[in-house]
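Q: here is a sequence with its predicted model. Questions after.
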Amino acid sequence: MVKRKDVVFTGFALFAMLFGAGNLIFPPMLGHNLGSSWGIAALGFVVTGVGFPLLGLIAAVHTGPELDDFAKRVSPLFARSYITILILTIGFFLAMPRTGATAYEMTLQNVGDTNPIHKYIFLAFYFLITWMFSLRANKVVERIGSILTPVLLIILAVIMYQGIFHPFSMPQTVVLEEAPFKIGFIQGYQTMDTLATIVYSAVIMKSIRHGRNLSQEEESSFLWKSSLIAVGLLACVYGALTYIGATFSGFETVGNTDLLSQIVRNLLGDFGNIILGLAVAGACLTTAIGLVATVGDYFEKILPFSYRTIVTVTCIAGFVFSNFGVQTIIQVAIPILVVLYPISMMLIFLNLLQKYMKNDMVYRIIIVLTTMFGLYQAYSL
């Protein structure tokens, strides 16, 4: 029997796992850069930041119990290589370290503390907490949903209320070289949520099945309902943050974290830094926990190491790479995401239509062409 409370908590947990550092710092900058075109840009951002993650989760769940099943019809070697690259991208090198870097820059650095010793202590403590919460994969979703997410939602609600009902100014008209929808669509890559939901699926389903005797139909209903709660919250938050950034379009800023700091400081005054720090800590930490748990769950099956060992190594790697800072990690991510995202989106569509795809050669041809396109785009940057 599925309880409504379980569906709601799981939906909140999915929201928290997806709404991480990238989601917090990118929509305001998108609105800031596009001004009065913020609505169209936000729609593009929602497509890649909300729509494709939902489709990716549904596709991953229905392709098979193992992560490699997501790309197995291309070839077993490609499937193992593709999933491994995804895991390393979001777990070791980019998304997970970026959560720590963002948490630091939006808290200690934001209030003027640039002492490198304090930075190391902060990041060490951050990844210690991540490690502690990640040790039991089948408890991750419940812990996030019941402890951290309500706090995060309350803080975000305060920021969004102030920003929407007490705007800085009217969004300004900005001359754009590209269509705003395209800009928002590409910016949505930086959330990495489409990649994350593909590999989150195993942990999510383990949590849904844990302690419950559900039929396949009940599992599917549980997943759809909790996913719709998560993506509905994500779409609202993305739109609100993009609008708030657009009302700030007349102000000078030097980067994503700096812009968010200025916005909250102007909205909430001197107390804004404290509110911002709590919001960032919650958003980043919940995402990091989900990512580390997923990394441990996958590599435990293919490597001769325990889940605990893999989680420990992953958190150490996160500590090391997070020291490079947000902007460096973002710049490194651009060419990688330009290659991975088109491949992932095509695999999502192919898997959703898999019952109509009788020949595996269709998968191979489409993925080869998509990979070539992605590599060309990355080379052209």
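A: Nice, thanks for sending it over. Numbering: from 1, shown residues only.
Q: in stretch 349-364, what counts as buried?
A: Using 16 or more other C-beta atoms under 10 Å as the burial criterion, the residues of stretch 349-364 that qualify are 350-351, 363. Every C-beta, even on glycine, is put in place using the N, C-alpha and C of the backbone.
Q: ditto for stretch 361-379
A: In terms of neighbour count (16+ other C-beta under 10 Å), stretch 361-379 has its buried residues at 363, 366-367, 370-371, 374.
Q: residues in contact with residue 336?
A: Taking C-beta atoms under 8 Å, 6 or more residues apart in numbering, we find residue 336 in contact with 89, 94, 378.
Q: can you show me the helices along the stretch 201-350 of the chain?
A: 216-247, 256-268, 272-302, 307-322, 326-352 (DSSP state H, counting those that start in this stretch).
Q: pLDDT on stretch 283-299, on average?
A: The pLDDT scores in stretch 283-299 average 82.
Q: just the CA trace of that stretch, in PDB.
A: Presented in PDB, the C-alpha positions along stretch 283-299 are these (Å, rounded to 0.1, in the frame of the first residue of the first chain):
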ATOM      1  CA  ALA A 283      20.900  22.700  -1.900                       C
ATOM      2  CA  CYS A 284      24.500  21.700  -2.400                       C
ATOM      3  CA  LEU A 285      24.600  19.200   0.400                       C
ATOM      4  CA  THR A 286      21.400  17.300  -0.700                       C
ATOM      5  CA  THR A 287      22.700  17.100  -4.200                       C
ATOM      6  CA  ALA A 288      26.100  15.900  -3.100                       C
ATOM      7  CA  ILE A 289      24.600  13.100  -1.000                       C
ATOM      8  CA  GLY A 290      22.500  11.800  -3.800                       C
ATOM      9  CA  LEU A 291      25.500  11.900  -6.200                       C
ATOM     10  CA  VAL A 292      27.900  10.100  -3.900                       C
ATOM     11  CA  ALA A 293      25.300   7.400  -3.000                       C
ATOM     12  CA  THR A 294      24.800   6.800  -6.700                       C
ATOM     13  CA  VAL A 295      28.500   6.500  -7.400                       C
ATOM     14  CA  GLY A 296      28.900   4.000  -4.600                       C
ATOM     15  CA  ASP A 297      25.900   2.000  -5.800                       C
ATOM     16  CA  TYR A 298      27.300   1.600  -9.300                       C
ATOM     17  CA  PHE A 299      31.000   1.000  -8.800                       C
END
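Q: any idea how far that stretch is from the chain center?
A: Stretch 283-299 sits 11 Å away from the centroid of its parent chain (C-alpha atoms, centre = their mean, to the nearest Å).
Q: again, but for stretch 323-330
A: 16 Å.
Q: which residues sit against that stretch?
A: With C-beta under 8 Å, 6+ apart, stretch 323-330 has contacts from 21, 25, 94, 97-98, 101-102, 105, 119-120, 123, 190, 255-257, 321-322.
Q: so which of those residues sit within helices?
A: Among these, the residues falling in helices (DSSP state H) are 21, 25, 97-98, 101-102, 105, 119-120, 123, 256-257, 321-322.
Q: closest one to residue 223 out of these, please.
A: residue 21 (25.3 Å; C-beta to C-beta).
Q: who's in contact with residue 97?
A: Here residue 97 is in contact with 317-318, 320-322, 324, 329 (C-beta under 8 Å, 6+ apart).
Q: grab the nearest non-local neighbour of it.
A: Excluding its sequence neighbours, the residue lying closest to residue 97 (C-beta to C-beta, 6 or more residues apart in numbering) is residue 321, at 3.6 Å.
Q: related to what we said a few turns ago, residue 47: which of the ones in helices among the contacts of stretch 323-330 is nearest?
A: Nearest to residue 47 out of the ones in helices among the contacts of stretch 323-330 is residue 25 (C-beta to C-beta; 19.1 Å).
Q: now the one helix or strand residue 59 maps to: average pLDDT?
A: For residue 59, the element it lies in under DSSP states H and E is helix 52-63. Averaged over helix 52-63, pLDDT sits at 86.
Q: contacts for it?
A: Residues contacting helix 52-63 (C-beta under 8 Å, 6+ apart): 18, 67, 69-70, 72, 188, 193-201, 204-205, 223-224, 227-228, 230-231, 344-345, 347-348, 351-352, 354.
Q: please pick the buried ones from the residues you listed.
A: Using 16+ other C-beta under 10 Å, the buried ones in the contacts of helix 52-63 are 18, 67, 69-70, 72, 188, 193-201, 204-205, 223, 227, 230-231, 344-345, 347-348, 351.
Q: which regions of the stretch 151-300 of the chain sit below the pLDDT cut-off?
A: Flagging of the stretch 151-300 of the chain using pLDDT under 70 yields the residue ranges 151-152, 202-203, 207, 209-212, 214-216, 250, 253-254.
Q: which other residues reach the helix or strand harbouring residue 161?
A: Using DSSP H and E, residue 161 falls within helix 149-165. Applying C-beta under 8 Å, 6+ apart, the external contacts of helix 149-165 come out as 12-13, 15-16, 19, 233, 237, 240-241, 243-244, 247, 263-264, 267-268, 275-276, 278-279, 282-283, 286.
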